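S.K.: Turn this into a model:
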Amino acid sequence: MLACEKINPDAKSLISQARSAFAIVTPIVTRAYSRMNTGGGKLNYQNSRMYVGIAWSQGGRPCMQDAFAVVLNCDDDPATDFLAVFDGHGPDGGDIARHAALNLFPDVMDSLIDAESSSSSHCKTDERVERAIEEGFCNLDENMRRDGVKNNAAPNGKALRGGATACVVWFRRGKFYCANIGDSRAVVSRRGQAIPVTLDHKPDATREKKRIEAAGGWVERNRVAGVLGVARSFADFNFKAELDAKPSEQVVSVVPDIVIQSLEHVEFLVIATDGVW
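M.R.: Below you'll find the predicted structure:
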């Protein structure tokens, strides 16, 4: 996903060649949520602050498991815009990604509204937003564990198989708040310089490996238990077996890293799943 006032020819070319979920956001009530269709496609949206271009291409896999979400001019806060990509993996990964695309934004906004109306509202705005984002991720994950997802109710206590990574961005009052789990990434262009916003959550990264081992897991062949190639994700409940543990203490965590930056001098922002990178 890319945010900017104008897309240059090089950016258009990059979009046309993308082999995974790719959206472009430009600082310019739209709501769009979609599991991307098999094959490929392009969409665009805009408001007075932002132009958003989205493109996807399936590549060599048998089915498309990526999804996106776009919310411009939020009902509860018209100055807020939201953009996200989700990358599913495993047998139920596509359903998990689409469910996250549909539900993450309202879950976070519910947490934010609660925080701003509660006695803790003396907290700084950035702290409230960070807390709401983390709570939204954790609540959505727990709801999927309990209730399954649309089109896959996981009956009789059968766990969902697989999971989904995410890279999401809120644009709010001159700043953007970027949260990620897994290996979907965001890169910002500021004064002509490409600057990474996120860090991949790879199991062999020092911080992630230490956390995995502290939770009783292990890393083998750069994968969690030799199986999963990311250390943080939605679902993947076979690696979240300790029901009494905090989300951050599970072998695979759903707690995102959150980066807050000013929109000053930002030309555009790219949000994409790992197939682009």
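
S.K.: show me where the stretch 101-250 of the chain has helices.
M.R.: Applying DSSP state H, counting those that start in this stretch to the stretch 101-250 of the chain gives helices spanning 125-147, 206-214.

S.K.: most packed of these?
M.R.: Highest mean neighbour count of the helices of the stretch 101-250 of the chain: helix 125-147, a mean of 19 (counted as mean count of other CB atoms under 10 Å). (Glycine included, C-beta is placed from N, CA and C.)

S.K.: which regions of this structure lie under the pLDDT threshold?
M.R.: The chain contains residues with pLDDT under 70 at 1-39, 118-123, 150-158.

S.K.: residues contacting residue 76?
M.R.: 109, 113 (CB atoms under 8 Å, 6 or more residues apart in numbering).

S.K.: Name the nearest residue to residue 134, sequence neighbours excluded.
M.R.: In this structure, residue 134 finds its nearest non-sequential neighbour in residue 255, 6.1 Å apart by CB to CB, 6 or more residues apart in numbering.

S.K.: helix/strand/coil for the one you found?
M.R.: coil (DSSP: H, G, I helix; E, B strand; the rest coil).

S.K.: burial of it, as a residue count?
M.R.: Residues within reach of residue 255, counting by other CB atoms under 10 Å, total 20.

S.K.: how much space is there between residue 91 and residue 159?
M.R.: Using CB to CB, to the nearest Å, residue 91 is found at 11 Å from residue 159.

S.K.: thought the residue nearest to residue 134 was touching residue 248?
M.R.: Yes - in this structure residue 255 lies within contact range of residue 248 using CB atoms under 8 Å: 4.6 Å.

S.K.: coming back round to it: which residues does the residue nearest to residue 134 contact?
M.R.: Counting by CB under 8 Å, 6+ apart, residue 255 has contacts 134, 137, 138, 181, 232, 247, 248.

S.K.: what about stretch 228-243, how long is it end to end?
M.R.: Terminal residues of stretch 228-243 lie 20 Å apart, using CA to CA, to the nearest Å.

S.K.: Name the residues of that stretch that come out as buried.
M.R.: 228-240 (16 or more other CB atoms under 10 Å).

S.K.: before we move on, back to that, and residue 91 and residue 159? Which one has more around it.
M.R.: residue 159 (16 against 13).

S.K.: pretty sure that one is touching residue 238, no?
M.R.: Yes - contact criterion CB under 8 Å: residue 159 and residue 238 qualify, at 6.6 Å.

S.K.: and of the helices of the stretch 101-250 of the chain, who's closest to residue 185?
M.R.: Proximity to residue 185, assessed across those by CB to CB, is greatest for helix 206-214 (15.4 Å).

S.K.: which helices and strands sit right next to that closest one?
M.R.: With contacts taken as 3 or more CB pairs under 8 Å, 6 or more residues apart in numbering; DSSP states H and E, helix 206-214 sits against strand 219-220.

S.K.: Can you list the strands that the strand it packs on pairs with?
M.R.: Strand pairing for strand 219-220, using DSSP bridges, gives strand 223-224 (antiparallel).

S.K.: Check what contacts the strand it pairs with and list those residues.
M.R.: Contacts of strand 223-224 (CB under 8 Å, 6+ apart): 203, 212, 217, 218, 229, 230, 231, 239, 251, 252.

S.K.: Closest one of these to residue 98?
M.R.: Closest to residue 98, out of all of those and judged by CB to CB, is residue 230, at 18.3 Å.

S.K.: surely the closest one meets residue 204?
M.R.: No - taking contacts as CB under 8 Å, residue 230 lies outside contact range of residue 204: 11.0 Å.

S.K.: Name the residues contacting each of those two.
M.R.: Joint contacts of residue 230 and residue 204 (CB under 8 Å, 6+ apart) do not exist.
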